[in-house]
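Visitor: Here is a sequence with its predicted model. Questions after.
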Amino acid sequence: MTTKEKMVARDILETLSKVEINIMKAKSMLDLQKQIINENDPINLKNQMAMLGTAIEISGIQAAYPEQFKPLEKEANKNWETWYEMNQQFTSLKGVI
């Protein structure tokens, strides 16, 4: 990143409130969760850690800003339910393998 790009990024961040920044961060983490789910590899430790870490961070943002998080709540729940189901399917195969 060039100095000019850093200055522009800093200016943008200064115009946003802490709430807006955290909601944007939650949206980015939800996108990351979707990518991990689309990889369809629940046994991958990196994916497990990324899903757990993003879920914890998203939960913190949701607790801190419940009203602002409401539009993202359905997507967050869907991501976690999908991931949970993928893991359940994998663990049910464990005895078959």
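Guide: Thanks, I have it. Residues are numbered from 1 along each chain as shown.

Visitor: so where's the chain uncertain?
Guide: Counting by pLDDT under 70, the chain has low-confidence residues at 7, 93-97.

Visitor: Point to the residue nearest the middle of it.
Guide: Among the residues of the chain, the one closest to the centroid is M29, at 2.6 Å (Cα atoms, centre = their mean).

Visitor: Does it touch E57 like I think?
Guide: Yes. Counting by Cβ atoms under 8 Å, M29 does reach E57; the two are 6.0 Å apart. For the C-beta atoms, the positions are set from N, CA and C on the backbone; glycine is no exception.

Visitor: List the contacts of M1.
Guide: The neighbours of M1, taking Cβ atoms under 8 Å, 6 or more residues apart in numbering as the test, are A9.

Visitor: Distance from the longest helix along the chain to the middle of the chain?
Guide: The helix that spans the most residues within the chain, counting by DSSP state H, is helix 66-94. With Cα atoms, centre = their mean, to the nearest Å as the basis, helix 66-94 stands 10 Å off its chain's centre.

Visitor: What are the buried residues along that helix?
Guide: Of all the residues in helix 66-94, those buried under the rule 16 or more other Cβ atoms under 10 Å are Q68, F69, L72, E75, A76, N79, W80, W83, M86.

Visitor: circling back: measure the residue nearest to the centre of the chain to Q89 for me?
Guide: M29 is 23 Å from Q89, where distance means Cβ to Cβ, to the nearest Å.

Visitor: re earlier: with respect to M49, which of the buried residues of helix 66-94 is nearest?
Guide: W83 (12.5 Å; Cβ to Cβ).

Visitor: For stretch 76-85, which outside residues touch it?
Guide: Outside of stretch 76-85, the residues within contact range by Cβ under 8 Å, 6+ apart are A26, L30, Q33, K34, I36, I37, P42, M51, A55, I58, Q62, F69.

Visitor: In helices, which of these fall?
Guide: Per DSSP H, the subset of the contacts of stretch 76-85 in helices is A26, L30, Q33, K34, I36, I37, M51, A55, I58, Q62, F69.

Visitor: how much space between the fourth one and K18?
Guide: What that stands for is K34. 25 Å.

Visitor: Looking at those two, which is more packed in?
Guide: Using other Cβ atoms under 10 Å as the criterion, K34 and K18 rank with K34 on top: 14 against 9.
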